[in-house]
Structure formats: C-alpha cells, structure tokens
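> Below are the sequence and a predicted model for it; my questions follow.
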Amino acid sequence: MGVMLASLVCYADKQDFSIIGVWMMKSETAPDGRVTKSIYTQYTRCKIYDPDSTYYTVQLHAVGGEMMVIAHEMGRYHWDGTTYIENGRKMPLQVIDDTTFITVFQGYKELMVRSTTMTEERKNEIRKIVRESPGDGDAPVKHFVLSTTERKLKAENKVFLYIIIIMCTIATGVAVYVYRLRKRKREVEAKLAEIEEANLLRPEPVATAMKQVEAEFYQSEYYQTLRRRIEAGGNLKPQDWKALEHQLKVVYPNFSSSLYGLYHLSDIEFQVCMLTKIRTSPKDISEVLNKDKSSVSSIRKRLYKKVFGKEGSGKEWDEFILSL
C-alpha cells in the first residue's frame, strides 16, 4: 500500500482540477490485478461531489430510461489539490486529467470518469435517496426504483412546418385548433409508445422488485385499513387522498406522471384512477365518491376516449390503469 501511495502523482500540480461534479466508476482493479469493468448502460458505481464538501455514493442499474438506485454512503470529503480525505480517511488520489482520476480503498483501485449528462433533477433524486437511507447498500433494490422524471416527448420539425402551412390556408381560429389537436395527439401517442416500451424493456430484476413492492403494499396494514373503510362506504378526506397518492408513488413510481402526461385530469378523475389502481370495484368507487355508478362508468369511458381517441368501455380503461 505504501508503494502504491508513493506512485500516485497528483495531476493538480500541473493544472487546475475540480472534483466537484458527478463521477462514474469505469473499472476496478483488485490487489491481485484482476480488473472488473462497469457497463455504463446497465450498471456502475456513481459518486456525486458537491461544493459544500458533501459526497454521495450509489450503485446505478439502468436500461434505457429505467433506473434503479441503491444507496451506499453519504459523507464529507476534503480535497485541496494534494490531499484527499473521505469521511476522515486519508486516501490516495491520482488525477489523470480533468475527466479521470484514480482512488485506492482497501487495496482496490477505482478508475472514475466525469459524467456531464446527469440532470439536476436526477442528481437531486439520488441525494434524497442517500440522505433517507445512508449506508443502506444491502437494502432490497425494490426501495430504490425511480421513476424516469426527465424523459420528454419530442416534436418533429416537419410536422410543425406542415401545421404552419395549414394555418396559412385556413381561418386563424380553425388553424390553431387543428394545431393543438394534432400536437396533443402526437404527444399522447408518443407517451403511450413510451409506456409500452418501458414495460417491454424493463429488466427482470426491476420487474421482480416492483412486484414484490406491490405484493407487500396489498398485505400492509395501511391497505387493509383503507380497504375496510372503502367497503364500508366511508368517504375519504383530503388528507386520505394525499396519503393514497403518496403510497401509489412508492409502489408505482410512474403511475401519476404517466397519467398526467397523457391527459390533464380533474380531481375527481384522478381519484377514480387511484381507486381503480388499488383494485376497487366501480360500485365501491361510486359509494366512496358519492356518485351514481353510471357517473363513474361515464368518467372511465370519457377518459378512455380522451386518451385513445376512440370509444371504449369502462372495463378497457380499468385494464389500462392496472397496466401502468
């Protein structure tokens, strides 16, 4: 270890180097010389160094837009250009260039490369997870399935140009209506395709973890108590709806964002969707909401038509909700 410490020459003496930012582990070299490479598109170790001398370490597992995060450690660091200290541990650090450095911990050399593609939203999600579960690296993956909040729907320039041409040939009011209608249709179609693709490409560990979270939810005391209230025809108070929405975000991370990405729901429409998601019958939904069963059926049919652009039954809408 002493030889290794002596061999790590600090690049910061030659040019300014900032450790602040996001770093991904490219490879790890064991004391016996074995090298283990990370696969960036699937899994890697990630460290976030903030300007306030706080760092966050996690394990990332990703396929496309789906990402799992396992919290490892949160702590304090010190780097003055020559000395690197992490949670009170003095560690050798070799700066290769502004995008690469090597650290050594317990004989293992970690090659870290700078990442410039992670959004602030994703970084804030990671920080929150680590703060809430520091040192929880052995916890089940199920607790850290994130939703992909930064994916955005893309508009195509050719379609925009086509709409502009139409606007020049017809009355302004009709043109604006057509533009908005077609733009919304494209967004909905793209979002539906995105949801379907996410379900198809979801890796088996993620799918298994999410099923386990779902099973635990339906066996929880919270759900059993809520089910008894619903079956008794009891009304839910505003705080009850907020609590249910929070629980659904934990169990089904993409549920609410997917719905609102497809259609701007009213409060009553979203409540119908939440109750449907937790497998509540239309009869019980009507009693909880003080609505006729026919009114609940109309809401479900209307939502199906708004989203899919065609007539459909309440049952078809329920099947879609359960698939999210």
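Cool, the structure landed. None of the values given here were measured: they were computed from a predicted structure.

> What's the local residue count around D50?
Around D50 there are 13 other residues, counting by other Cβ atoms under 10 Å. Quick note: C-beta positions are derived from backbone N, CA and C, even for glycine.

> Report the secondary structure state of M68.
What DSSP: H, G, I helix; E, B strand; the rest coil gives for M68 is strand.

> Let's verify the closest residue to it other than its chain neighbours: helix, strand, or coil?
Once flanking residues are discounted, M68 sits nearest to H61: 4.1 Å by Cβ to Cβ, 6 or more residues apart in numbering. With three-state DSSP as the basis, H61 sits in strand.

> next one: M118
Per three-state DSSP, the secondary structure class of M118 is coil.

> how close does it sit to G312?
Per Cβ to Cβ, to the nearest Å, M118 is found 39 Å from G312.

> Could you double-check that the residue nearest to M68 sits in contact with C46?
No - here H61 lies out of contact with C46, judged by Cβ atoms under 8 Å, at a distance of 10.6 Å.

> so what sits against both of the two?
Common neighbours of H61 and C46, using Cβ atoms under 8 Å, 6 or more residues apart in numbering, do not exist here.

> and the residue nearest to M68, how many neighbours does it have?
20.

> Beta-bridge partners for it, please?
Counting by DSSP bridges, H61 is bridged to Y43, M68.

> Roughly how far does it sit from G81?
Separation of H61 from G81 (Cβ to Cβ) stands at 34 Å.

> Repeat that for I299.
Distance from I299 to G81, by Cβ to Cβ: 63 Å.

> which residues of the stretch 201-324 of the chain fall in helices?
Assignment of helices within the stretch 201-324 of the chain using DSSP state H, counting those that start in this stretch yields the ranges 204-218, 221-231, 238-251, 255-262, 267-277, 282-288, 293-308, 314-323.

> Provide the contact partners of the longest one at residue level.
So that's helix 293-308. 188, 192, 262-263, 265, 268-269, 272-273, 276, 282-283, 285-286, 289, 311-314, 316-318, 320.

> Swap in 6 Å and give it another go.
For helix 293-308, the external contacting residues (Cβ atoms under 6 Å, 6 or more residues apart in numbering) are 262-263, 269, 272, 282, 285-286, 311-312, 314, 316-317.
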